[in-house]
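>>> Let me see the structure of the following:
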Amino acid sequence: MDFKDSFDNYLKRIDNLKAQITDLAEEQTKNALVMPFFAMLGYDVFDTNEFTPEFVCDVGTKKGEKIDYAVLKDNEPIMLIEVKRAGMKLQKQQQSQLFRYFSTNRCRIAILTNGITYQFFSDLNAPNVMDDEPFLSFNLIDDDPTIYMSSIKQFCKDKFDIKSVISKAVYQKYAKVVEKTLKEDLINPSDELIKYFLTRPEIKTGTRITSAMIEKHREITKKSMQKVLGVSIVENIVKTVEPAQSEQAEPIEQKTEQPMTFENIVEKAKVYVAKYDVTPEDNQQFIRLHLYSNGSKTGVVKIAKSDLSIQYRDLSQGTPIVHNLSAIDELKSYI
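Sure, this is the predicted structure:
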């Protein structure tokens, strides 16, 4: 059986457990979800020399500190795994324990999971210090598996190579920063970007670039970038009024619509879901807004960064109902 078949079988297992997942305690989450996940990756979860439960990670003078699992190779940990119960949201406070354990050994991969959401961390910013943000994150129920399946495959026992994993993680981080910076500059060009253009040989003024000069050129920089990159969809709508008897129709003042960018859509979505307890989860392909009411997850809004497609997954009735939206305003009719 190849990896795709094994992974598909695992997703079917998750689907069969869906109705009871949020009621699972931490130990049940480990046995029903986490251990089968790593077995699917090819590890012998019953061999303590390969998949060790309660792995000791002494922190400073504090002895006996243990992490839920460690994947070992040649008696050295290659992955540290901290498990939370399936119904728990993974937030910054859940990362703190994993952060402390990370620096106690030379392992470069740390995983935080509730059995459904998996967050993979490394030390890309500073050696032996776990990053604040995961380089890989996915949700086995809410996300399209074709997007993240190849990323999971690199953690299979027969495929795992730490140099390759870190190299891909660095690339993904760089790509994410570029995307984020470009999107921010398209909405509000940074001082650094404007300075770059003002110092170009074709434009160079020969004078010191002041804050007033930067501000003066901000709007034209924004419009020029949006024009070139094609993200500004601005329509001039001229409404006419039917002439009354002998009077001629006069054009109404032109209206310029706000460009519908990824950031615009996300901000609108956050306004519409304000009545919920919202947990945002951002990755390279899209952002998810997990909606909770009275501690129970009621839905997920997913907005793709590439094509700005919008999906709302309604979980309020137990059986997920997926709505593909043509515009973010349609979300109001479903929540």
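>>> number of nearby residues for the residue nearest to residue 80 when sequence neighbours are not counted?
Leaving aside its sequence neighbours, residue 80 sits nearest to residue 110 (C-beta to C-beta, 6 or more residues apart in numbering; 4.7 Å). (Each C-beta comes from the backbone N, C-alpha and C, glycine too.) Using other C-beta atoms under 10 Å as the criterion, residue 110 is surrounded by 24 other residues.
>>> One more: the one 5 residues further on?
The local packing of residue 115 (other C-beta under 10 Å) involves 27 other residues.
>>> a strand runs through it, doesn't it?
No. Counting by DSSP: H, G, I helix; E, B strand; the rest coil, residue 115 is not part of a strand but coil.
>>> My read is that residue 77 contacts residue 51, right?
No. If you go by C-beta atoms under 8 Å, residue 77 and residue 51 don't touch, sitting 10.7 Å apart.
>>> Need the overlap of contacts for these two.
Here residue 77 and residue 51 have 70, 71 as joint contacts, going by C-beta atoms under 8 Å, 6 or more residues apart in numbering.
>>> ok, which stretches of the stretch 151-300 of the chain are strands?
236-237, 255-256, 277-282, 286-293, 296-304 (DSSP state E, counting those that start in this stretch).
>>> The last one: which residues count as buried?
I take that to be strand 296-304. 297, 298, 299, 300, 301, 302, 303, 304 (16 or more other C-beta atoms under 10 Å).
>>> So what touches it?
Strand 296-304 has contacts (C-beta under 8 Å, 6+ apart) with 22, 87, 139, 142-143, 262, 265-266, 269, 273, 276, 285-292, 309-316, 328, 331, 334-335.
>>> Now list the buried members of those.
In terms of neighbour count (16+ other C-beta under 10 Å), the buried residues within the contacts of strand 296-304 are 22, 87, 139, 142-143, 262, 265-266, 269, 273, 276, 286-291, 310-315, 328, 331, 335.
>>> on that earlier part again, wait, which of the buried residues of strand 296-304 is closest to residue 64?
Nearest to residue 64 out of the buried residues of strand 296-304 is residue 297 (C-beta to C-beta; 34.7 Å).
>>> who does the closest one bridge with?
On the basis of DSSP bridges, residue 297 is bridged to residue 292.
>>> Read off the pLDDT value for it.
In this model, residue 297 is scored at 88, pLDDT.
>>> Repeat that for residue 325.
89.
>>> Also residue 201?
pLDDT recorded at residue 201 is 84.
>>> ok, which stretches of the stretch 1-150 of the chain are strands?
Using DSSP E, counting those that start in this stretch, the strands of the stretch 1-150 of the chain run over residues 51-56, 66-73, 76-83, 110-113, 117-121, 136-139.
>>> Throw the ones you listed into TSV and include distance to residue 177 and mean pLDDT, thanks.
Formatted as TSV, the strands of the stretch 1-150 of the chain follow (distance: least, C-beta to C-beta, whole Å; pLDDT from 0 to 100):
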stretch	distance to residue 177	mean pLDDT
strand 51-56	33	93
strand 66-73	29	93
strand 76-83	25	94
strand 110-113	21	96
strand 117-121	17	95
strand 136-139	15	92
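>>> how about the ones you listed in TSV, adding distance to residue 29?
What follows is the strands of the stretch 1-150 of the chain, written out as TSV (distance: least, C-beta to C-beta, whole Å):
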stretch	distance to residue 29
strand 51-56	13
strand 66-73	10
strand 76-83	6
strand 110-113	8
strand 117-121	11
strand 136-139	15
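>>> In space, what's closest to residue 214 - neighbours in sequence excluded?
residue 194 (4.9 Å).
>>> so what's residue 154 up against?
Going by C-beta under 8 Å, 6+ apart, residue 154 touches 160, 161, 164, 165, 168.
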